[in-house]
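A.B. asks: have a look at this fold, sequence not included:
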């Protein structure tokens, strides 16, 4: 989707077009404008453009023409849908696109563009993302919605039921952890994240009293890590340089105590089955071995340049990082959508 098309999408989401038509459609342009308090003529222009983008329908058999939602807009663009991506789109519009305006500078300097885009230090990766309480919550909700779509295929790429104690490092509001606990009812999941993130999670996403998910405050680059049989690193390593990744992976403790039962992981041509003793599940978008594709991952890597100190990598590059930390057995499951799952064991 081109930039202008994305801006149409962002505007329609911000105005609540898809929410309105999912709940009250079909409506004509005057009816939409009246409910959204927008210009009728401009609203019709926006609606017709959304129709051309196949985000809405237009019924010209009635007069005036009536606009309605599509399956795609009801599923991903309406706030009430469990698979809604509206927070992700809003974060992309307000934060991501502002850094992309400085791509040439990022290439010249080889560093993120927080300073130019937001006046925030380029050395603190999350100073721009967390530049206000509202932006912090928006970013965390965006990640939550990402895992609403991509969580199930990555968490079921391998049988994780042998891992009774699971720790999701940098797990945000706990979206992936909740899915993991639901898929593997004999497991307990700890989300380790910064104190300010945990505070947001407890305020906006409180857990039931008997939940098998709990939050732990800490910095995974500095503080002691909890005891766990499996550590999940979902969209974490791509934030960091190779040296930082090696540092983080080296901090993951060994597993001298065997699991209660042997792991059951299907054999893979990419490596042997998982062994008792624990492991690391990495969830990232993978580049081809030569780095020349796929395009979606290349664009994500450019985004990492603009916003972090990291990049996207190939399966071979992740294998090298994991092997250096003692995780010599690696299995890869790709073809899961935008992300792949890599299960590494010692």
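C.D. replies: On my side now, so go ahead. Here the structure is a predicted model, which is why all the values come from computation and not from measurement.

A.B. asks: where are the low-confidence patches of the stretch 1-150 of the chain?
C.D. replies: Across the stretch 1-150 of the chain, the ranges flagged by pLDDT under 70 are 1-2, 122.

A.B. asks: how about 80 then?
C.D. replies: Applying pLDDT under 80 to the stretch 1-150 of the chain flags the ranges 1-2, 121-129.

A.B. asks: tell me the strands beside the host helix or strand of residue 343, with direction?
C.D. replies: Residue 343 is part of strand 340-345 when elements are defined by DSSP states H and E. In the sheet, strand 340-345 lines up against strand 279-284 (antiparallel), strand 329-333 (antiparallel) (DSSP bridges).

A.B. asks: packing partners of the longest helix along the chain?
C.D. replies: The longest helix of the chain (DSSP state H) is helix 133-155. For helix 133-155, the contact count by 3 or more Cβ pairs under 8 Å, 6 or more residues apart in numbering; DSSP states H and E identifies helix 86-91, helix 175-183, helix 195-204, strand 340-345 as packing neighbours. C-beta: built from backbone N, CA, C; applies to glycine.

A.B. asks: buried sites along that helix?
C.D. replies: Neighbour-count burial for helix 133-155 flags 135-155 (criterion: 16 or more other Cβ atoms under 10 Å).

A.B. asks: which among the strands paired with strand 340-345 is found nearest to residue 69?
C.D. replies: For the strands paired with strand 340-345, the distance to residue 69 is smallest for strand 279-284, at 30.9 Å, taking Cβ to Cβ.

A.B. asks: for the closest one, what is the distance to the chain centroid?
C.D. replies: Centroid displacement of strand 279-284 relative to its chain, using Cα atoms, centre = their mean, to the nearest Å, is 14 Å.

A.B. asks: any idea which helix or strand comes after that strand?
C.D. replies: strand 286-287.

A.B. asks: any idea which helix or strand comes after that following strand?
C.D. replies: Using DSSP H and E, the helix or strand that follows strand 286-287 in sequence is helix 295-307.

A.B. asks: can you pull out the strands in this protein?
C.D. replies: Secondary structure of the chain by DSSP state E: the strands cover 56-59, 66-69, 165-169, 188-193, 213-217, 230-234, 279-284, 286-287, 313-314, 329-333, 340-345.

A.B. asks: and those strands as TSV, adding mean neighbour count and distance to residue 128?
C.D. replies: Listed next are the strands of the chain as TSV, based on neighbours: other Cβ atoms under 10 Å; distance: least, Cβ to Cβ, whole Å:
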stretch	mean neighbour count	distance to residue 128
strand 56-59	17	33
strand 66-69	21	34
strand 165-169	23	21
strand 188-193	23	18
strand 213-217	18	22
strand 230-234	27	21
strand 279-284	25	22
strand 286-287	22	25
strand 313-314	20	23
strand 329-333	20	32
strand 340-345	25	27
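
A.B. asks: how about a markdown table for those, with distance to residue 293 added?
C.D. replies: Below are these laid out as a markdown table (distance: least, Cβ to Cβ, whole Å):
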| stretch | distance to residue 293 |
| --- | --- |
| strand 56-59 | 32 |
| strand 66-69 | 34 |
| strand 165-169 | 29 |
| strand 188-193 | 32 |
| strand 213-217 | 36 |
| strand 230-234 | 22 |
| strand 279-284 | 15 |
| strand 286-287 | 7 |
| strand 313-314 | 11 |
| strand 329-333 | 16 |
| strand 340-345 | 14 |
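
A.B. asks: of all those, which lies closest to residue 131?
C.D. replies: Judged by Cβ to Cβ, the one of these that comes nearest to residue 131 is strand 188-193, at 17.7 Å.

A.B. asks: by how many degrees do that closest one and strand 230-234 diverge?
C.D. replies: Between strand 188-193 and strand 230-234, the angle comes out at 50 degrees (axes from the mean of the first three to the mean of the last three Cα atoms, to 10 degrees).

A.B. asks: tell me the contacts of the nearest residue to residue 32 once chain neighbours are set aside?
C.D. replies: Closest residue to residue 32 apart from its sequence neighbours, by Cβ to Cβ, 6 or more residues apart in numbering: residue 43 at 5.5 Å. Applying Cβ atoms under 8 Å, 6 or more residues apart in numbering to residue 43 gives the contacts 29, 32-33, 36.

A.B. asks: alright, that wraps it up for me.
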